[in-house]
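Engineer: sequence first, predicted coordinates after that:
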Amino acid sequence: MLEYWIVFLGVKTVAAYVLENGQYQLVGEYFTPGPIPVRPLPGLLLEWSEVFAEV
């Protein structure tokens with residue numbers, strides 16, 4: 001796995017980690033609406049508001 005996210009539903013936050021040199025490094029924390037890059041797929045952005053969309 002090259003990247004993983006931890007999604008904190010209660011506080012509407014996404015923490016993104018990427019595998020670098022055999023260890024996962026925090027590369028971004030997203031607290032507000034806007035694009036979230038998917039680093040293993042350059043050019044792919046997921047919208048923060050879609051991660052937390054009401055079902």
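Structural biologist: Good, I have the coordinates. Numbers count the residues shown, from 1 in each chain.
Engineer: going forward, measure contacts between C-alpha atoms and count neighbours the same way
Structural biologist: Will do.
Engineer: which stretches of the chain form strands?
Structural biologist: 3-8, 13-20, 23-30, 35-37, 45-47 (DSSP state E).
Engineer: what does the second one contact?
Structural biologist: Identification of contacts with strand 13-20 by C-alpha atoms under 8 Å, 6 or more residues apart in numbering yields 1-8, 24-32, 39.
Engineer: one more: the first one?
Structural biologist: With contacts defined as C-alpha under 8 Å, 6+ apart, strand 3-8 is touched by Thr13, Val14, Ala15, Ala16, Tyr17, Val18, Leu19, Val38, Arg39, Pro40.
Engineer: and the fifth one, how close does it get to Glu54?
Structural biologist: So that's Tyr17. 25 Å (C-alpha to C-alpha, to the nearest Å).
Engineer: beta partners for the residue nearest to the spatial centre of the chain?
Structural biologist: In the chain, the C-alpha nearest the mean C-alpha coordinate belongs to Ala16, at 4.1 Å (C-alpha atoms, centre = their mean). Ala16 has the following beta-bridge partners by DSSP bridges: Trp5, Gly28.
Engineer: same question, Ile36
Structural biologist: Where Ile36 sits in a bridge, its partners, by DSSP bridges, are Leu46.
Engineer: for it, give me its contacts.
Structural biologist: Contacts of Ile36 by C-alpha under 8 Å, 6+ apart are Tyr30, Leu45, Leu46, Glu47, Trp48.
Engineer: among those residues, which ones are buried?
Structural biologist: Trp48 (16 or more other C-alpha atoms under 10 Å).
Engineer: need the max-distance pair from the contacts of Ile36.
Structural biologist: Tyr30 and Leu45 (12.6 Å; C-alpha to C-alpha).
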